[in-house]
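Asks: give me coordinates for this.
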Amino acid sequence: MIDDFRHFEDDTMLQADVCVIGTGAAGISIAREFFGTNLQVLLLEGGGTSPEPETQALYEVECIGLPFPGALDGRAREFGGTTTLWGGTTIPLSETDFHQRPWVPYSGWPISLAELAPYYLRAEGVLQLVEDGVYDERIWQRFGIEPPALEPHKLRLVFSKEKTWPFRPKEHPKNFRSVYIEALRKASNVRVLLHANVTNLKANAEATAVVEAEIRTLEGKRGSARARTYIVACGGIETPRLLLLSNGVHASSLGNQHDLVGRFFQGHPKFEAATIHTDTPKYLQDRFEFLIKDRQLFRSRLELSDQIQEQEHLPKCDADIIFDMPEESGIQAAMELYRSWLGRHKPENLLQNMYYVLQGFPEVVHFGVPFFLRGTWPMPKPKTIRLQCRAEQYPEPDSRITLSDQLDALGLRKACIDWHLSELERKTARRMVETVGAEFERLNLGKLELSDWMRPEIEDWRSWVKEGNHHSGATRMADDPRQGVVDRNCRVHGIENLYISSSSVFPTTGTANPTFTIIALAIRLADHLKQKL
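Replies: Numbers count the residues shown, from 1 in each chain. Here you go, the predicted structure:
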């Protein structure tokens, strides 16, 4: 069932067994796990079923550190959450991501990859992928591709995948709103409530349990939700913000008895690291451009080896090889138009792209027909080839989210972000580029030209960094409440019925895109609650 809180009476009080705050990847994944059970589930969403500028503006933040445009542009306050924006890349964390690494302060998860592995398989089902758990060179074997003879103690290959629907864009599984809206509408024991902004989690006098979630619309209507269990699934920024706003019993806010809520905020800084000059672009394209099989899209990445990380005390770093087509390329223009159609939005430069398609019609036919008939990714000769790095950040307690003195349209204090980057991120990216460059030259695959900002004398290098919209770490997971906000089951320490389902619980981030792990943790949490309730 899907309702809109704007149509309810003022001061309405709703009842449920489980109250989930947020309808993104985590919230919807949890709700699915309760379909057909005897538990009543309430999903609260601050937005509607489509983008609304006045609702999206509630995500505006104050930045007192580095600029952080992804706080607004990289999140969506609407039904489906940020799944309506993300690219769909699916990749699990590696085993070492869960380990305590002596050279990485505050590293180590209280759970292991082996514990999460079965939930990764189930998360593949949620994303409509083949449930095989394969993210290594076996993918290339399926395509008959011979891997380059990279030195394994220097670089390793990792693979991502996602579902693709060439002829049915409305059912693209990366967008949970479009895929699961009908199932949620028909679910007899699950209720979605739109335009229900949660403004406060009200605790009992001892702050040992949440007794009520206060709800408000932008128009001023108020209400509340009462449940046996509450799950905050609002994303990596809004989740710690809601806990900080919920300070009615303790001034330090819920779960913040050790001043940890909001601390250790991490992202995935992205760097345009180098240009690759090669006489054999086709060899690289065959291995590092998209591959399509069984309606799944695969792509390989390079990752700095565990040995180099340990020997040189570096965080993780990986690299994508990006192939840029000429601006006047007909197939590039056709792909831009196709992506616009998939996303159901008006394409930029429509007339210009149509002109390039007509001008390069032979190229469009040559590459386009195999793409639609056999799933072969179009690979005309690229104009440039770039190496784009993504670095892991060391968990840093002073990189944090607090509350601003600025107020949003609901009268709530905005999030204040103080995001830190250290010289270590540049050092790590440079080591990654040097390693790839040396291996490529050894194998005669090409030579790398470093980007200017990587030179040691460049002081404003942080202005070249892009923030990857992977907001993590600000309600981290730890067995010891003095080291984290939630325990291994994602329950907030000291509060018996409050849980968090978000990348905000990640102690460290590795370099994998976080949504796959978010979904796996959400399913794991749902299993835990079904046994408990």
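
Asks: any stretches of the stretch 251-400 of the chain with poor pLDDT?
Replies: Counting by pLDDT under 70, the low-confidence segments of the stretch 251-400 of the chain come to 327-379.

Asks: please apply the same query to the chain.
Replies: Ranges of the chain meeting pLDDT under 70: 165-173, 327-379.

Asks: kindly recompute the last result at 50.
Replies: In the predicted model, the chain carries pLDDT under 50 at residues 167-171.

Asks: check it for its longest helix and report it.
Replies: Longest helix in the chain by number of residues, with DSSP state H as the criterion: helix 423-442.

Asks: buried sites along that one?
Replies: Residues of helix 423-442 classed as buried by neighbour count (16 or more other CB atoms under 10 Å): 425-433, 435-437, 439-440. Where C-beta positions appear, they are placed from N, C-alpha and C, glycine not excepted.

Asks: nearest to Gln311 among those residues?
Replies: Each of the buried residues of helix 423-442 was scored against Gln311 by CB to CB, and Arg431 proved nearest at 10.7 Å.

Asks: who are the contact partners of the closest one?
Replies: Residues touching Arg431, when contacts are defined by CB atoms under 8 Å, 6 or more residues apart in numbering, comprise Leu304, Ile308, Glu312, Leu314, Cys317.

Asks: Glu137 too?
Replies: With contact set as CB under 8 Å, 6+ apart, Glu137 has these partners: Pro147, Leu157, Phe159.

Asks: again with Ser504
Replies: For Ser504, the residues meeting the contact criterion (CB under 8 Å, 6+ apart) are Gly235, Gly236, Ile237, Thr239, Pro240, His471, Ser472, Gly473, Ala474, Thr475, Arg476.

Asks: returning to what we had before: in ChimeraX, how would I select just the buried ones from the contacts of Glu137?
Replies: Paste this into ChimeraX to select the buried members of these, with burial taken from 16+ other CB under 10 Å:
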select :157,159
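
Asks: and the contacts of Glu137 as TSV, adding secondary structure and distance to Leu254?
Replies: Conversion of the contacts of Glu137 to TSV gives the following (DSSP: H, G, I helix; E, B strand; the rest coil; distance: CB to CB, whole Å):
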residue	secondary structure	distance to Leu254
Pro147	coil	49
Leu157	strand	43
Phe159	strand	40
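
Asks: just give the closest residue to Pro291, not the sequence neighbours.
Replies: In this structure residue 291 is Leu, not Pro. Ranked by CB to CB, 6 or more residues apart in numbering and with sequence neighbours excluded, the top spatial neighbour of Leu291 is Phe298, at 4.5 Å.

Asks: same thing with Trp461?
Replies: Counting by CB to CB, 6+ apart, the nearest residue to Trp461 once its immediate chain neighbours are dropped is Trp453, at 4.6 Å.

Asks: again with Thr23
Replies: Leaving aside its chain neighbours, Thr23 sits nearest to Glu45 (4.4 Å; criterion: CB to CB, 6+ apart).

Asks: so the one you found touches Leu184, yeah?
Replies: No. In this structure, Glu45 sits apart from Leu184 without contact. The criterion is CB atoms under 8 Å, and the distance is 10.6 Å.

Asks: which of the two has more residues huddled nearby?
Replies: When Glu45 is set against Leu184 and neighbours are counted by other CB atoms under 10 Å, the residue ahead is Glu45, at 28 against 22.
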